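Peer 1: pasting a predicted model and its sequence here:
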Amino acid sequence: MKTVTATEAQNNFGDLLMNVQSEPVSITRNGKEKGVLLSAAAYQEIKQQALQQAITNGMESGESSPLDMADIKNKARQRMGLDVKD
């Protein structure tokens, strides 16, 4: 994985966006990794894998209950740190 400083990322953002189409790029500040930039396609793949794993875990849990979509959405928002609307 390529690594760039936050300053380099800021000054060369267009090039950085092109680079992440082929591989993720680590962004550092003061020598410490602070973030990773990746393509939208790679991000979607990660989300799909997480969803598939959650489905598999749920199916393997042996627990069955009716689905409350409002409750599911609220719990997801809470986990993501978003405002929860009742």
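Peer 2: Now that the structure is in, tell me what you want to look at. What you see is a predicted model, and the numbers here were worked out from it, not measured in a lab.
Peer 1: switch to C-alpha atoms for all contacts and neighbour counts from now on
Peer 2: Will do.
Peer 1: now for residue 70, how many residues are close by?
Peer 2: By the measure other C-alpha atoms under 10 Å, the count of residues near residue 70 is 11.
Peer 1: Three-state assignment for it, please.
Peer 2: Here residue 70 takes the helix state, with states given by DSSP: H, G, I helix; E, B strand; the rest coil.
Peer 1: quick one: it from residue 30, how far?
Peer 2: Taking C-alpha to C-alpha, to the nearest Å as the measure, residue 70 falls 43 Å from residue 30.
Peer 1: show me how the protein divides into domains.
Peer 2: 2-38, 41-79 (automatic domain parsing).
Peer 1: show me what counts as buried in the shortest one.
Peer 2: So the one you mean is domain 2-38. 4-6, 9, 16-17, 19-20, 24-28, 37-38 (16 or more other C-alpha atoms under 10 Å).
Peer 1: filter those down to the ones in strands?
Peer 2: The strands, defined by DSSP state E, take in 4-5, 25-28, 37 from those.
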